[in-house]
Each structure stands twice: as C-alpha cells, then as structure tokens.
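Undergrad: Take this sequence and fold it.
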Amino acid sequence: MNTNYKIALLIDCDNVSHQGIEGVLQELAKYGAVNVRHAHGNWNGTQLKGWIEKLHGNAIRPIQQFAYTSGKNATDASMIIDAMDLLYSGNVTAFALMTSDSDFTPLVMRILEAGLPVFGFGEKKTPSPFVDACSQFIYTENLQVEEEEAETEPAVTAHKTDQEASHRYSRNELRGDSRLVKTLRTAADQVSDDDGWANLGRVGQYISNNSSFSPVNYGYKKLSDLIRASELFEMKRGEKNATYIRQPGGRNGES
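TA: Have a look, this model is predicted:
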C-alpha cells in the first residue's frame with residue numbers, strides 16, 4: 001500500500017472514545033501525513049471532556065456542531081459535508097474515519113468510488129457494514145494496548161479480562177478463525193507462481209484490495225508476524241530479501 005498519502009482524519013466524537021486517538025495517529029503515520037485532523041461534535045456540553053484534553057496535544061481541530069433537535073445527530077451531517085468538501089478540494093489522497101456509526105457506510109462507498117482509500121477506526125460495537133466497506137478497519141481497543149501496558153500490572157490484567165479480543169491471538173486461535181484462514185489462503189493462491197510461492201508484499205496488497213483486514217485486530221503489527229505465528233504457510237527469503245510464503249507441500253500438496 002502507498003506510504004505517501006495525504007490523509008484527512010475525520011472524527012465522530014459522539015460515537016467513539018478518545019482513548020485510542022494516539023494509536024490511530026501512529027497507525028496512519030505508516031501510510032502518510034495526516035494533514036487534516038477534524039473532530040466533530042457539540043463542544044458546549046460535558047460529554048466530550050475526554051476529547052477536549054486530546055485536541056491540542058495531537059493538533060486536532062474541533063468542529064462545532066450544535067444539536068438543533070433532541071434525538072437527532074447533526075454531527076453526522078456536519079462530518080459528511082466536511083468529507084465531501086475535502087474530497088472535491090483535491091488536497092487529500094486518502095481518508096480516515098474514526099467512528100462506530102454504520103450511518104457513514106454510504107460516505108465510505110462514495111469516497112471509494114472517487115478512487116481514494118478509506119481507513120476506518122471504531123470500537124468493537126461497530127456494525128459490520130461499515131467495517132467491511134472500509135479499505136482497512138482497525139478496532140480502537142486494539143490500539144490502546146501499548147498505552148495501557150505502561151500502567152500498573154493489576155489495571156492491565158483487569159482490562160484484558162474485559163476486552164479479551166484485544167490480546168495477541170495464539171496459533172490455534174488464528175487457525176480457528178475460518179474467515180482469516182480463507183482470506184490468507186485465497187490471497188496466497190491468487191498471487192503465487194507456478195511453484196506455489198507467493199511474494200508476501202503482493203499477498204498483503206491483494207488482501208488490502210479485497211477486504212478491510214488488518215493484522216492489528218489480531219494483536220500483530222505486521223502481516224508477516226501474523227502468518228509466522230499461524231504456521232499455516234512455509235516461509236522463505238528470496239531476492240532482495242523479499243519474503244515468500246507457500247502452503248505446506250506446495251500448491252498441489254506435493255513436495
């Protein structure tokens with residue numbers, strides 16, 4: 001995936017916790033510069049106090065949106081308008097949406113139609129239509145682990161008990177995830193050569209083009225680390241230190 005994107009990060013502060021913002025920015029730094037950082041919400045109330053404490057330290061610009069009518073979410077409309085203005089400006093080449101609201105799914109589809117990738121970040125409660133629509137989606141709980149490890153040991157233990165899915169998946173857990181296994185095997189098969197070996201970079205590119213998969217959701221920073229832990233494939237180094245993978249026994253099950 002491109003690492004020189006000019007990224008616009010739009011945050012729906014009404015529907016996502018402030019606790020994962022540092023992890024989101026660190027993740028996006030892998031793909032380019034986050035030139036636009038807009039946080040949408042009603043800043044007059046007290047419900048966004050946690051977000052207020054994160055704004056200045058992370059160079060995030062608050063976008064005020066009053067709640068004109070009780071029970072209606074004006075923040076959604078404000079964020080969609082902001083996204084479309086940025087899209088038509090031509091000044092950004094990728095979007096990142098931090099929200100747990102599936103109402104933004106049509107917005108994701110519209111941005112994708114314009115040829116720009118959309119990185120999604122939301123809590124584990126995020127509905128699957130939004131998750132699946134994004135070019136890549138990461139659960140924000142998985143981006144809080146490093147920050148929490150700096151706390152006292154009892155606090156870390158209690159948190160990991162409450163959020164079991166934020167831990168690093170074991171070999172058996174990875175192999176037991178049928179959707180993950182199918183995604184990896186399909187990608188490897190589609191880009192492999194006649195001997196069954198597939199360049200790992202091409203495998204990753206194929207996956208990113210066809211799903212919202214991210215190794216971070218399984219507790220791994222890199223796809224190579226996840227594949228190595230799963231032991232689903234043979235691995236070897238090729239020319240220019242490139243990594244190749246192959247299903248055991250080769251494509252046809254022969255040595």
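
Undergrad: Give me the local confidence score for residue 138.
TA: In the predicted model, residue 138 carries a pLDDT score of 94.

Undergrad: those strands in the stretch 51-200 of the chain, which residues are they?
TA: 61-64, 94-98, 118-122, 136-139, 198-199 (DSSP state E, counting those that start in this stretch).

Undergrad: list the helices and strands the last one packs on?
TA: Spelled out, it's strand 198-199. Counting contacts by 3 or more CB pairs under 8 Å, 6 or more residues apart in numbering; DSSP states H and E, strand 198-199 packs against helix 178-191, strand 243-246. To be clear about C-beta, it is placed using only N, CA and C from the backbone, and glycine gets the same treatment.

Undergrad: ranking the ones you listed by burial, who's on top?
TA: strand 243-246 (a mean of 21; mean count of other CB atoms under 10 Å).

Undergrad: Helix or strand with the lowest mean pLDDT in the protein?
TA: Lowest mean confidence among the helices and strands of the chain (mean pLDDT, DSSP states H and E): helix 153-162, at a mean of 39.

Undergrad: picking that back up, out of the helices and strands packed on strand 198-199, the one nearest residue 57 is which?
TA: helix 178-191 (35.2 Å; CB to CB).

Undergrad: re earlier: which one, of the helices and strands packed on strand 198-199, ends up nearest to residue 214?
TA: With CB to CB as the measure, helix 178-191 is the member of the helices and strands packed on strand 198-199 nearest residue 214 (11.2 Å).

Undergrad: Let's see that closest one as CSV, backbone CA atoms only.
TA: Provided in CSV are the C-alpha atoms of helix 178-191 (Å, rounded to 0.1, in the frame of the first residue of the first chain):
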residue,chain,number,x,y,z
SER,A,178,-12.1,-19.6,9.4
ARG,A,179,-12.6,-16.2,7.8
LEU,A,180,-9.0,-15.3,8.4
VAL,A,181,-7.7,-18.6,7.1
LYS,A,182,-9.7,-18.3,4.0
THR,A,183,-8.5,-14.7,3.4
LEU,A,184,-4.9,-15.7,3.7
ARG,A,185,-5.0,-18.8,1.6
THR,A,186,-7.0,-17.2,-1.1
ALA,A,187,-4.6,-14.3,-1.4
ALA,A,188,-1.6,-16.5,-1.4
ASP,A,189,-3.1,-18.7,-4.1
GLN,A,190,-4.1,-15.8,-6.3
VAL,A,191,-0.6,-14.2,-6.4
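
Undergrad: Contacts for it, please.
TA: Contact with helix 178-191 is made by 174-175, 198-199, 202-204, 206-207, 210-211, 213, 218, 227, 230, 232-233, 245-247, 251, as judged by CB atoms under 8 Å, 6 or more residues apart in numbering.

Undergrad: hmm, which of those residues are the buried ones?
TA: 174, 198-199, 202-204, 206-207, 211, 213, 218, 227, 230, 232-233, 245-247, 251 (16 or more other CB atoms under 10 Å).

Undergrad: out of those residues, which are inside helices?
TA: Per DSSP state H, helices hold the following members of the buried ones among the contacts of helix 178-191: 174, 202, 203, 204, 206, 207, 227, 230.

Undergrad: Help me confirm that the fourth one comes into contact with residue 222.
TA: Think residue 204. No - look at residue 204 against residue 222 with CB atoms under 8 Å: they stay out of range, at 9.1 Å.

Undergrad: which residues do these two both contact?
TA: By CB under 8 Å, 6+ apart, no residue touches both residue 204 and residue 222.

Undergrad: Pull out the buried positions in the longest helix belonging to the chain.
TA: When the chain is parsed with DSSP H, its longest helix is helix 74-89. If you call a residue buried by 16+ other CB under 10 Å, then helix 74-89 has these buried ones: 74, 75, 76, 78, 79, 80, 82, 83, 86, 87.

Undergrad: Repeat that for stretch 90-102.
TA: Those would be 92, 93, 94, 95, 96, 97, 98, 99, 100, 101, 102, for stretch 90-102 by 16+ other CB under 10 Å.
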